[in-house]
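Chemist: Quick one: sequence plus predicted model below, questions after.
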Amino acid sequence: MKVASFNVNSIRSRLEVVLGWLAQHQPDVLCVQETKVQDVDFPGEAFEGSGYEYVFKGQKSYNGVATFSKSEITKVEFGFADEPKDEARLIKCEIKGIVIVNTYVPQGYMPESEKFEYKLKWFKRLGQYFKKNFKPSDPVLWVGDFNIAPEARDVYDPDGLLGHVCFHPEVHKALKKVMEWGFADVFRMHCKEAEQYSFWDYRMNAFRRNLGWRLDHIMATKPLAKKSVACTIDKEPRYVEKPSDHTPIIAEFDW
DNA sequence: ATGGTCGGCAACCGA
């Protein structure tokens, strides 16, 4: 079972990239973020005949998530149970007996802003969500764009970037709290190297200079993590005609 | 030098 995550920065402008990537890599599941399209305009017809079914929730201009799967998608829920539900940032479903939570975590803007407070609260709510609905012994995957680089080796300039909303002590604490419930970082189980980035700012020629961040993650509860056999970040979609600022992460499980 | 680019959408906001 192969599971991938990809922040596409508009599914409509990235259609050919996504379709090509699915055809080439044949993941069982692909979770995408930042679809940037309201549901009535979701380009579902483009995926007919691709071999994937899909669920999605979006809004105009911003956010939006979608989950694609080769096999049946069941028990679909959007957003949190309480307000604000943030439906365009969270899709939960079950595929082949695995719970898959696809998230687009709020970016947070600036450390002093209300948006940053909202980001911290979002992690807290997500922690409660896992605690309330599942057990650490269940096969649960938490994947997506977390807008967090967890460690110094996950950013191009750990000293200079410390305090950025995606590399901030409070955010690190918030992530750690959710992880402690029972998640393992599948990518770090298989790769200990630095400079394994999944995001480069469109500005600053960041990709050419490799000024990157590891913001996209695949976290698994321990029983599932034990069955992971590989996890890689695929930089090939950075070389296509219309690259996203993110690139996909893909994990394989003996499941 | 201390900016820069995208995407959506229709002026700027968000990343």
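Modeler: All right, it came through fine. Numbering: from 1, shown residues only, chains lettered A, B, ... in the order given.
Chemist: C-alpha from now on. contacts and neighbour counts both.
Modeler: Fine.
Chemist: Please, where are all the strands along the stretch 51-200 of chain A?
Modeler: Remark: strands assigned in the stretch 51-200 of chain A by DSSP state E, counting those that start in this stretch are A:53-57, A:65-69, A:74-78, A:90-95, A:98-104, A:140-145, A:183-185, A:199-200.
Chemist: And the last one, how far out from the chain middle?
Modeler: In this view, strand A:199-200 has its centroid 13 Å away from the chain centroid, taken as Cα atoms, centre = their mean, to the nearest Å.
Chemist: helices or strands next to it in the packing?
Modeler: Contacts defined by 3 or more Cα pairs under 8 Å, 6 or more residues apart in numbering; DSSP states H and E place strand A:199-200 against strand A:212-213.
Chemist: Who does the helix or strand following the strand it packs on pair with, and is each partner parallel or antiparallel?
Modeler: Next helix or strand after strand A:212-213 toward the C-terminus (DSSP states H and E): strand A:216-221. Taking DSSP bridges as the criterion, strand A:216-221 forms sheet pairs with strand A:140-145 (antiparallel), strand A:183-185 (antiparallel).
Chemist: hmm, who's touching strand A:216-221?
Modeler: Residues external to strand A:216-221 that are found in contact with it (Cα atoms under 8 Å, 6 or more residues apart in numbering): A:4-7, A:136-148, A:182-187, A:198-199, A:225, A:248-251.
Chemist: returning to that earlier point: now the strands of the stretch 51-200 of chain A in CSV, with mean neighbour count and distance to DNA strand B?
Modeler: Converted to CSV, those look like this (neighbours: other Cα atoms under 10 Å; distance: least, Cα to the nearest atom of the strand, whole Å):
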stretch, mean neighbour count, distance to DNA strand B
strand A:53-57, 21, 14
strand A:65-69, 24, 13
strand A:74-78, 15, 18
strand A:90-95, 21, 14
strand A:98-104, 23, 9
strand A:140-145, 25, 9
strand A:183-185, 20, 21
strand A:199-200, 26, 9
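Chemist: Of those strands, which is nearest A:Ser13?
Modeler: Nearest to A:Ser13, of all these, is strand A:65-69, at 14.9 Å by Cα to Cα.
Chemist: Could I get the CA-only coordinates of that closest one as CSV?
Modeler: The C-alpha trace of strand A:65-69 is given here as CSV (Å, rounded to 0.1, in the frame of the first residue of the first chain):
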residue,chain,number,x,y,z
VAL,A,65,-8.3,19.3,0.3
ALA,A,66,-9.0,16.1,-1.7
THR,A,67,-8.2,12.4,-1.2
PHE,A,68,-7.8,10.1,-4.2
SER,A,69,-7.9,6.3,-3.8
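Chemist: coming back round to it: would you list the strands paired with strand A:216-221 in JSON lines and tack on mean pLDDT and distance to A:Pro106?
Modeler: JSON lines is the format used below for the strands paired with strand A:216-221 (pLDDT from 0 to 100; distance: least, Cα to Cα, whole Å):
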{"stretch": "strand A:140-145", "mean pLDDT": "98", "distance to A:Pro106": "9"}
{"stretch": "strand A:183-185", "mean pLDDT": "98", "distance to A:Pro106": "20"}
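Chemist: Count the neighbours of A:Asp254 for me.
Modeler: Neighbour count of A:Asp254, defined by other Cα atoms under 10 Å: 12.
Chemist: was I right about it contacting A:Val229?
Modeler: Yes. The criterion here is Cα atoms under 8 Å, and A:Asp254 meets it with A:Val229 at 6.7 Å.
Chemist: what residues are up against whatever residue of the stretch 1-150 of chain A ends up closest to DNA strand B?
Modeler: Going by Cα to the nearest atom of the strand, DNA strand B is nearest to A:Ser61 of the stretch 1-150 of chain A, at 3.6 Å. Counting by Cα under 8 Å, 6+ apart, A:Ser61 touches A:Lys36, A:Val37, A:Gln38.
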